[in-house]
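The following comprises the amino acid sequence and a computationally predicted model.
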Amino acid sequence: MDTIQNMRVFVRVVEAGSFTGAAQHLNTTTAYASRAISDLEAHLRTRLLNRTTRRIALTEAGERYLQRCEQILAYVDQAEAEASDAHARPSGKLKMHAMTSFGQHYVVPAVGGYQQLYPEVHVELTLAQRMPDLLDEGYDVALVLAQHLPDSGLVSQRLGGAFSIACASPAYLERNGVPQTPADLRKHVCLRLITPMFPTDEWTFDGPNGRETVALGPATFQVNVAEAQAVAVREGMGVGLVPIFSAIAGLRSGELMWILPEYTSQEMNLYALYASRQYLDAKIRTWIEYLRDTLPATLARNQAELRKFART
């Protein structure tokens, strides 16, 4: 038995004053309306209506039940309207996760632009160096940098790519000389970024001679956040493979120098992950659309800007 639907029929019968009038309003049959009331009474084991051939009248129990039905149906209608509105209009809390340094440089500015378009969306952003469990942790969207995504059943959208470049400070290069090939890095202090995607004991470069791998000596400094590694490189502590989003500000200021400009390393894809395409909440749909429309162009501009920082 559909209790909610039978409640609607009961309220409509009382309002119309007859089964026939209720049936016409509900676009159904008089027999259906009568059966719905009978099913309710059988379920409740209580008579709700006294019926004669000419009229119907509420019993005392029916009067009390009518008041409750009207309250319950108002709540149901409100809940359905709110749920439908969530599909149509971006509003409410958008809970997101992003990799730390990438999130600082790209996601936070994107949130600012997005909220200018959709001010009723309130963003809760978590930055951490891991891939979250969207369902268990309750995130609406995760922005993940990875070479490949594991099979997870989540929906993914590729939004662009990023890579790392070898950088050092001007002071470090003045003291130690400028590496000319990846193999030259064996003679330098190499600062490591700890990440599950790439080994810390070797660096792999893509350049004019194809792919080259350099085995590194013992690490003098390791850190798990790219922004912190960029600070260490700027301080002259050694050479680092720095993601471009963490390197670009230092390159602009002159605190970092791009060495081995014909080579890139640690290429990654940027993915937006979310739970389902079906009945997608408007705030998730519009956020993904906003990233798809803006982020690839931002990444491309930064990569194009790199060329003017090449040091030979």
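Received it, and whenever you're ready, just let me know what you need.

Please enumerate the helices of this structure.
3-16, 19-26, 30-44, 60-88, 100-102, 108-117, 134-137, 170-176, 226-234, 244-253, 282-305 (DSSP state H).

what's near enough to touch the residue lying closest to A171 once chain neighbours are set aside?
Nearest residue to A171, sequence neighbours excluded (C-beta to C-beta, 6 or more residues apart in numbering): G236, at 4.4 Å. All C-beta spots, glycine's among them, are computed from the backbone N, C-alpha and C. Applying C-beta atoms under 8 Å, 6 or more residues apart in numbering to G236 gives the contacts A168, S169, A171, Y172, R175.

one more time with 7 Å
Taking C-beta atoms under 7 Å, 6 or more residues apart in numbering as the criterion, G236 is in contact with S169, A171, Y172.

and the residues you listed, which are buried?
Those of these that meet the buried threshold are S169, Y172, by 16 or more other C-beta atoms under 10 Å.

which neighbours does the lengthiest strand in the chain have in its sheet, and in what orientation?
If each strand of the chain is counted by residues according to DSSP state E, the longest one is strand 155-168. Here strand 155-168 has these sheet partners by DSSP bridges: strand 239-243 (antiparallel), strand 257-258 (antiparallel), strand 264-274 (antiparallel).

Could I get the CA-only coordinates of the last one as CSV?
What that stands for is strand 264-274. What follows is strand 264-274, C-alpha atoms only, in CSV (Å, rounded to 0.1, in the frame of the first residue of the first chain):
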residue,chain,number,x,y,z
THR,A,264,60.0,18.0,-18.4
SER,A,265,59.2,15.4,-15.8
GLN,A,266,56.5,13.8,-13.7
GLU,A,267,53.6,14.5,-16.2
MET,A,268,50.2,14.1,-14.6
ASN,A,269,46.6,14.4,-15.6
LEU,A,270,44.0,16.5,-13.7
TYR,A,271,40.7,14.8,-13.1
ALA,A,272,37.5,15.9,-11.5
LEU,A,273,35.8,13.0,-9.7
TYR,A,274,32.2,12.8,-8.6
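
Tell me what angle it forms with helix 244-253.
Counting by axes from the mean of the first three to the mean of the last three C-alpha atoms, to 10 degrees, strand 264-274 lies at 130 degrees to helix 244-253.

For strand 264-274, buried residues please.
Buried, per 16+ other C-beta under 10 Å, within strand 264-274: T264, S265, Q266, M268, N269, L270, Y271, A272, L273, Y274.

How is the chain divided into domains?
Domain ranges of the chain: 3-88, 92-161+269-303, 163-265, per automatic domain parsing.

And the residue nearest to A171, how close does it get to M197?
27 Å (C-beta to C-beta, to the nearest Å).

before we move on, what about R89?
R89 is 38 Å from M197, by C-beta to C-beta.

Pick out whichever of the two has more residues nearby.
Just comparing R89 and M197: by other C-beta atoms under 10 Å the higher neighbour count belongs to R89, 14 against 11.

ok, and the closest non-adjacent residue to that one?
Nearest residue to R89 in three dimensions, chain neighbours excluded: A282, at 5.6 Å (C-beta to C-beta, 6+ apart).

just to revisit the earlier point, how about the backbone phi and psi for the residue nearest to A171?
Main-chain dihedrals, G236, degrees, to the nearest 10: phi 80, psi 20.

Tell me which of the helices of the chain approaches L191 most closely.
L191 lies closest, by C-beta to C-beta, to one member of the helices of the chain: helix 226-234, at 5.3 Å.

Just the CA trace of that closest one, in PDB.
Extracted C-alpha coordinates of helix 226-234, given in PDB (Å, rounded to 0.1, in the frame of the first residue of the first chain):
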ATOM      1  CA  ALA A 226      55.200  20.900  -3.400                       C
ATOM      2  CA  GLU A 227      54.900  24.400  -2.100                       C
ATOM      3  CA  ALA A 228      57.300  23.600   0.800                       C
ATOM      4  CA  GLN A 229      59.700  22.000  -1.700                       C
ATOM      5  CA  ALA A 230      59.600  25.200  -3.800                       C
ATOM      6  CA  VAL A 231      60.500  27.200  -0.700                       C
ATOM      7  CA  ALA A 232      63.500  24.900  -0.100                       C
ATOM      8  CA  VAL A 233      64.700  25.400  -3.700                       C
ATOM      9  CA  ARG A 234      64.300  29.200  -3.400                       C
END
